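Student: below are the sequence and a predicted model for it; my questions follow.
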Amino acid sequence: MKKLIIIFIAALFTVNAGAQELLDKIIAVVDNHIILQSEVDEQFRLAEAQQGSVPPEARCIIADQLLVKSLLLAQADKDSVLVSEEEIDQQIESRVDYILTMMGGDVEQFEKYYGMSILEMKEKYRRDMEAQMLSERMQGLVVQDVVVTPSEVRDFFSNIPSDSLPYFGAEVELAELVLKPEVNETERQRAYDKIVDLRKRVVEGGESFSKVAEADSDDKGSASQGGSLGWVRRGQMVPEFEAALFKLKNKEISPIIETEFGYHFIQAVERRGNTVFARHVLAKPEITFDDRDKAKAKLDSIRTLILADSMSFTRAVKLYSVNEETKNNAGMMLNPQSGTTLYSVGDLPTEVYFAIDDMEIGDISEPLEYYDARQEVHYRIVNMRAYSEPHKANLKNDYAKIQTAAIEQKKSVYLSDWIDKKAAKTYINIVDDYKQCPNLSKWFEYAQ
């Protein structure tokens, strides 16, 4: 087991839920956790779909990873490690939102692909998500105290053969200042008049809430569900929406409220303790081309002030930027893949990639248009803070990356040792079908 151990967790929602069910059987038991043949098969199909082809021993590798996951879950039971319902909800919502974004917000396409509604999908994968989060949390607790010293980093680097040293492409550090176009008053009034009319049709005209939402709500994600947002807990919604929702009694409809998304009215369908099954109708003001031009012109004026040394870029970010994440970090953009401020040039958003092509350190780009995760238009200027030429890895320029690699190797060895010790003291049973897998020989030893 002295090898890099990766807990293989299938990306939820990527296998077509409408696929034909296979006959199932238990292939292993770890303490009170069972592993089914269908789990192995599902992971195998997912790997095939993602990679095109998989090695002959893929099922053996998957079984090994599921055994490790089950051992972690068994230990989580013993140590009373938990994940809250709120955390599970948040993860599921995040995944559904991401998939909907990739599908252009097309709920019908989502439901056709998966063969079930969004609410059904959330319930179907709830326990799978809980198991995934628990195993990841337990693994994190096992290796949380593992650290490396500078001498260990140097030793790790010196043990890499010179012809195996990675070659790093060009990298940059960038800061950004972001503006979002402001809705004009004419468009704001149009949206308000629309929501007033829709609410009147429901409250005074007796029309069906769900039919009005489905036909006229500007929240297309919930419109096809009759405006349903499912079960909502405190902390999940923006403050104005949440404050109005949790004041409502069962079946009560709120007054019109305004949030960053537009104008809403909400209904609390049912309350259960601190959760409410909610639905809403949204009228969203549209950003016009004139609104876009004004935001772009304002951003260009701010850029002119910075270039004239009337204001530093950092000061301008603090005064004007609307991106709270980068605003609180002096505008520094964080690479979502690495969690650091370093970007490989190829990882940059397309519009930024082309904008910095002829920039030098300290230069500031022209205003750039882009769309955020909600598909809302924004404008930004970017300031190049640092640039490194393509080079072979070395301790001077790449210490942080090498340190990360060193600590990951040390964690994998530590986790492997932990698995050896825990598995030897845990009830394990595996069907003989998997004796043909050389990588599972240790598990059969544990089982004996």
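Tutor: Perfect, I can see it now.
Student: for residue 26, which non-adjacent residue is closest in space?
Tutor: residue 34 (5.1 Å; C-beta to C-beta, 6 or more residues apart in numbering). Every C-beta, even on glycine, is put in place using the N, C-alpha and C of the backbone.
Student: that neighbour falls within a strand, correct?
Tutor: Yes: judged by DSSP: H, G, I helix; E, B strand; the rest coil, residue 34 forms part of a strand.
Student: pLDDT on the one helix or strand residue 156 maps to, on average?
Tutor: Under the criterion of DSSP states H and E, residue 156 resides in helix 150-158. In this model, helix 150-158 has an average pLDDT of 96.
Student: got the buried residues for that helix?
Tutor: 153, 156-157 (16 or more other C-beta atoms under 10 Å).
Student: from the middle of its chain, how far away would it be?
Tutor: 33 Å (C-alpha atoms, centre = their mean, to the nearest Å).
Student: and stretch 362-369, by the same measure?
Tutor: 28 Å.
Student: so how far does that stretch reach from one end to the other?
Tutor: The separation between the terminal residues of stretch 362-369, taken as C-alpha to C-alpha, to the nearest Å, is 21 Å.
Student: give me the residues contacting that stretch.
Tutor: Contacts to stretch 362-369, defined as C-beta atoms under 8 Å, 6 or more residues apart in numbering, come from residues 292, 296, 299-300, 303, 306-307, 313, 351-352, 355-356, 359, 377-384.
Student: and that stretch, what's buried?
Tutor: By neighbour count on 16+ other C-beta under 10 Å, the buried set for stretch 362-369 is 364-365, 367-368.
Student: wait, is residue 418 part of a strand?
Tutor: No: counting by three-state DSSP, residue 418 falls outside a strand, being helix.
Student: ok, residue 25 touching residue 34?
Tutor: No: shown here, residue 25 and residue 34 do not form a contact pair, counting by C-beta atoms under 8 Å, at 10.1 Å.
Student: neighbour count for the two, which is higher?
Tutor: residue 34 (13 against 10; other C-beta atoms under 10 Å).
Student: distance check, the more buried one against residue 215.
Tutor: 47 Å (C-beta to C-beta, to the nearest Å).
Student: next one: residue 89
Tutor: On the measure of C-beta to C-beta, residue 89 and residue 215 end up 28 Å apart.
Student: looking at those two, which is more packed in?
Tutor: It is residue 89, of residue 89 and residue 215, that has more neighbours when counted by other C-beta under 10 Å, with 20 against 12.
Student: list the buried residues of the helix or strand harbouring that one.
Tutor: Assigned by DSSP H and E, residue 89 belongs to helix 85-102. Neighbour-count burial for helix 85-102 flags 88-89, 91-92, 95-96, 99-100 (criterion: 16+ other C-beta under 10 Å).
Student: and what of stretch 394-412?
Tutor: 398, 401-407, 410-412.
Student: kindly report the same for stretch 260-271.
Tutor: 261-269.
Student: in strands, which of the residues you listed fall?
Tutor: 262-269 (DSSP state E).
Student: which single one of those is nearest to residue 392?
Tutor: The closest of those to residue 392 turns out to be residue 262 (C-beta to C-beta; 52.3 Å).
Student: show me where pLDDT drops low in this structure?
Tutor: 1-23, 105 (pLDDT under 70).
Student: outline the domain layout of it.
Tutor: 26-149+402-447, 170-183+288-389, 185-283 (automatic domain parsing).
Student: out of the ones you listed, which comes closest to residue 161?
Tutor: domain 26-149+402-447 (14.4 Å).
Student: gap between the two ends of that closest one?
Tutor: OK, domain 26-149+402-447 end separation, C-alpha to C-alpha: 15 Å.
Student: what of stretch 435-442?
Tutor: Termini of stretch 435-442 sit 10 Å apart (C-alpha to C-alpha).
Student: give the buried residues for that stretch.
Tutor: 437, 440, 442.
Student: reformat the residues you listed as TSV; add secondary structure.
Tutor: Formatted as TSV, the buried residues of stretch 435-442 follow (three-state DSSP):
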residue	secondary structure
437	coil
440	helix
442	helix
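Student: out of those residues, which comes closest to residue 332?
Tutor: Using C-beta to C-beta, the buried residues of stretch 435-442 come closest to residue 332 at residue 442, 45.2 Å.
Student: all strands for this structure, in order.
Tutor: Under the criterion DSSP E, the chain contains strands at 26-30, 33-36, 167-168, 171-179, 228-233, 257-259, 262-272, 275-283, 343-344, 368-371, 377-388, 391-392, 428-430.
Student: can you list the helices and strands that the third one packs against?
Tutor: Where contact means 3 or more C-beta pairs under 8 Å, 6 or more residues apart in numbering; DSSP states H and E, strand 167-168 is packed against strand 391-392.
Student: ok, 10 Å please
Tutor: With contacts defined as 3 or more C-beta pairs under 10 Å, 6 or more residues apart in numbering; DSSP states H and E, the packing partners of strand 167-168 are strand 391-392, helix 395-423.
Student: give me the angle between the last one and helix 150-158.
Tutor: The reference is to helix 395-423. 100 degrees (axes from the mean of the first three to the mean of the last three C-alpha atoms, to 10 degrees).
Student: list the contacts for the spatially most central residue of the chain?
Tutor: Per C-alpha atoms, centre = their mean, the C-alpha nearest to the average position across the chain is that of residue 94, at 5.7 Å. Listed by C-beta atoms under 10 Å, 6 or more residues apart in numbering, residue 94 has no contact partners.
Student: what residues are up against residue 183?
Tutor: 189-191, 262, 284-288, 291 are the contacts of residue 183 under C-beta under 10 Å, 6+ apart.
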